[in-house]
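J.: can't give you the sequence, but here's the structure:
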């Protein structure tokens, strides 16, 4: 990771308006990458659905209709109805914004905190670096969703606490990547030159280092959206996240679980929704990585 | 090598301390009065006080941590609030179930992952390669709890009823949970193996082997795969650790009485000593696995520089 960034970034810093030129290049590459385009279009689709979908759905996500309980998928209820007679399709549409909101806010929080830690660690080095990186190792010692689970068990189960838990769970990942990239950029001659000209640490970090390490951060953030959505829906499935009647997909799924014997549609569709949205972020993230960080693989 | 091992041990010690501090602090990070919350809202003042005494919350934080650390050294993780049994006994009775589940799932992901990855790499840019990579991407994107539910739906419920819906013990019981837990790992290992193989295949010594007239199959399996698998070892080790922590959802779906279920039940029952104990055991185990992975990686690949 560290070595690869150097090469791409040297190219990025050539005037005039290197950022814009680079964006164009990346866009061109992305356009050629079919899987990335599919992912991007799907993400766009989900964003649009989350905004205008709730207005277009014919049903109220909370309207109960006990004459129409657990109906199989049909012309009116495309995904069938749940044990309260609510339209599952409508509930999934309404849940889209919740899923994207959890994913986006937790990744934003985690990436900002992780970036700050990573830059400070990589830029200042020595004791600060050792302390910060060992702390990140401690966070990484809790495998899988265990860390998020521990945090939710402390704070209590709610949508907000899930966001915090998933954000913390992402911090060490970003911190490590950013530290590596910072170390690579810091070694470049021009950073020394800027420092010799009297630039402050603050200026060097924000004007010269941060713009040059954005690529790996963006790639990681996109891929992390997928992980965050999976982790958050898992917590909701365990009853530790969004609580019913919130139409969060993991929560719908955990209710559907009780009706699997006779009504398989109930658990099928919310799960499919999670698969497709996670797939979209994975596809797009893979494509972005190929376009921004061609040498890194995973 | 010995220097490396010693250095790695020195690096691990602060992490172990950090883990114990974090797990110790869990109870103190509960917003509000932990004794009140654990005793329940309906508890009387006397009961809350009793809980406070029992958890030793009255002492200075450092005294409490010292006691916590001392207890850990003696494998004493406290007693369950619900059952009164020692936490170590509760964990011990379920540990092997989770271990087995994680172990067999890792085996499955290695087996399928490496085969799929090698096929994909050797048949690069063919329909087969694309299909394998698309399936792998789906495997990565599926919530495992949903995959588990779907497997139950189609293979454990009528009409097929090939496998039991829940439980653990016989081979029949293991099949669906192991697939559920192993799929994501198989996908990760397949992707890793493929890219690692492709990198190796382009290297000079492979070209030399081919030029010498070594058979393509031998080049692939003997020369290329052996070296390509070195980075895969890291992933496999991490995977096993991750699965230990990740069994929570699978155990919930299949009602398996392992550590994961224990954590969830204890969170719901506010049985904090058990939550702390289980989280601690899994984290320390993961640190150990990571340590062993690093050592073996180093052993396999002497070219790696010391960090």
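T.: Received it, and whenever you're ready, just let me know what you need. Source: prediction; values computed, not measured. Numbering: from 1, shown residues only, chains lettered A, B, ... in the order given.
J.: show me the contacts for the nearest residue to residue B:69 once chain neighbours are set aside.
T.: Sequence neighbours aside, residue B:20 is the residue nearest to residue B:69 in space, at 6.1 Å (criterion: Cβ to Cβ, 6 or more residues apart in numbering or on different chains). Any C-beta I mention is one placed from the backbone N, CA and C, and that applies to glycine too. Taking Cβ atoms under 8 Å, 6 or more residues apart in numbering or on different chains, we find residue B:20 in contact with B:68-69, B:72, B:280.
J.: Show me which of the residues you listed are buried.
T.: In these, burial by neighbour count holds for B:68, B:72, B:280, counting by 16 or more other Cβ atoms under 10 Å in any protein chain shown.
J.: hey, which helix is longest across chain A?
T.: In chain A, taking DSSP state H as the definition, the longest helix is helix A:88-124.
J.: what bits of the chain have low per-residue confidence?
T.: All of this refers to chain A. A:1-19, A:293-298 (pLDDT under 70).
J.: oops, chain B please
T.: B:302-307.
J.: Which helix in it has the most residues?
T.: Max-length helix for chain B by DSSP H is helix B:87-122.
J.: Which parts of that one count as buried, going by neighbours?
T.: B:87-88, B:90-91, B:94-95, B:97-102, B:104-106, B:108-110, B:112-114, B:116-122.
J.: Spell out the residue ranges of the helices in chain B.
T.: For chain B, the helices defined by DSSP H occupy B:2-29, B:34-39, B:45-55, B:61-73, B:87-122, B:127-141, B:144-151, B:171-201, B:204-211, B:216-218, B:225-253, B:259-268, B:272-300.
J.: Out of those helices, which gets nearest to residue B:159?
T.: Nearest to residue B:159, of all the helices of chain B, is helix B:144-151, at 14.9 Å by Cβ to Cβ.
J.: That closest one packs against which elements?
T.: Applying 3 or more Cβ pairs under 8 Å, 6 or more residues apart in numbering or on different chains; DSSP states H and E, one finds that helix B:144-151 contacts helix A:249-256, helix A:265-292, helix B:171-201, helix B:225-253.
J.: ok and that helix relative to helix B:87-122, angle-wise?
T.: Orientation check (axes from the mean of the first three to the mean of the last three Cα atoms, to 10 degrees): helix B:144-151 against helix B:87-122 gives 80 degrees.
J.: which outside residues touch helix B:144-151?
T.: With Cβ under 8 Å, 6+ apart, helix B:144-151 has contacts from A:234, A:237, A:253, A:257, A:260, A:267-268, A:271, A:274-275, B:176-177, B:179-181, B:183-184, B:246, B:249-250, B:252-254.
J.: How about stretch A:78-85?
T.: Under Cβ under 8 Å, 6+ apart, the answer for stretch A:78-85 is A:64-74, A:87-89, A:91-92, A:252, A:255-256, A:258-259, A:263, A:265-266, A:269.
J.: What residues of it count as buried?
T.: For stretch A:78-85, using 16+ other Cβ under 10 Å, the buried residues are A:79-82, A:84-85.
J.: got it, and stretch B:191-211?
T.: Using 16+ other Cβ under 10 Å as the test for burial, stretch B:191-211 gives B:191-201, B:206, B:209.
J.: And the helix or strand hosting residue A:48, how far out from the chain middle?
T.: Using DSSP states H and E, residue A:48 falls within helix A:34-56. Chain-centre distance of helix A:34-56: 15 Å, with Cα atoms, centre = their mean, to the nearest Å.
J.: nearest spatial neighbour of residue A:61, skipping sequence neighbours?
T.: Nearest one to residue A:61, counting by Cβ to Cβ, 6+ apart, is residue A:94 at 4.3 Å.
J.: Return the distance of stretch A:64-81 from the chain's centre.
T.: Relative to its parent chain, stretch A:64-81 has a centroid offset of 32 Å by Cα atoms, centre = their mean.
J.: repeat for stretch B:5-20
T.: For stretch B:5-20 - counting by Cα atoms, centre = their mean - the centre lies 19 Å from the chain centre.
J.: Identify each buried residue in it, please.
T.: Under 16+ other Cβ under 10 Å, the buried positions of stretch B:5-20 are B:8, B:11-12, B:15-16, B:18-20.
J.: Just name the closest of those residues to chain A, please.
T.: Taking Cβ to the nearest Cβ as the measure, chain A lies nearest residue B:18 of the buried residues of stretch B:5-20, at 3.3 Å.
J.: Let me see the contact set for the nearest residue to the closest one once chain neighbours are set aside.
T.: Nearest non-adjacent residue to residue B:18, counting by Cβ to Cβ, 6+ apart: residue A:138, 3.3 Å away. Residue A:138 makes contact with B:15, B:18-19, B:21-22 under the criterion Cβ under 8 Å, 6+ apart.
J.: Using a markdown table, please lay out the residues you listed together with distance to residue A:127.
T.: Putting the contacts of residue A:138 into a markdown table (distance: Cβ to Cβ, whole Å) gives the following:
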| residue | distance to residue A:127 |
| --- | --- |
| B:15 | 17 |
| B:18 | 16 |
| B:19 | 21 |
| B:21 | 19 |
| B:22 | 21 |
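J.: which of those lies closest to residue A:98?
T.: Using Cβ to Cβ, these come closest to residue A:98 at residue B:22, 29.4 Å.
J.: count of residues packed around that closest one?
T.: Here the number of neighbours of residue B:22 (other Cβ atoms under 10 Å in any protein chain shown) works out to 20.
J.: residue contacts, it?
T.: residue A:138 are the contacts of residue B:22 under Cβ under 8 Å, 6+ apart.
J.: just the one 5 residues further on next, same as before
T.: Taking Cβ under 8 Å, 6+ apart as the contact definition, residue B:27 lies against B:34, B:55, B:57, B:272, B:276.
J.: Can you pick out the most distant pair from the residues you listed?
T.: Using Cβ to Cβ, the pair of the contacts of residue B:27 lying farthest apart is B:57 and B:276, separated by 13.4 Å.
J.: neighbour-wise, which of these two wins?
T.: Neighbours were counted for residue B:57 and for residue B:276 using other Cβ under 10 Å; residue B:276 has more, 22 against 16.
J.: dump the residue contacts of that one.
T.: Contact analysis of residue B:276 by Cβ under 8 Å, 6+ apart lists B:23-24, B:26-27, B:77-78, B:87.
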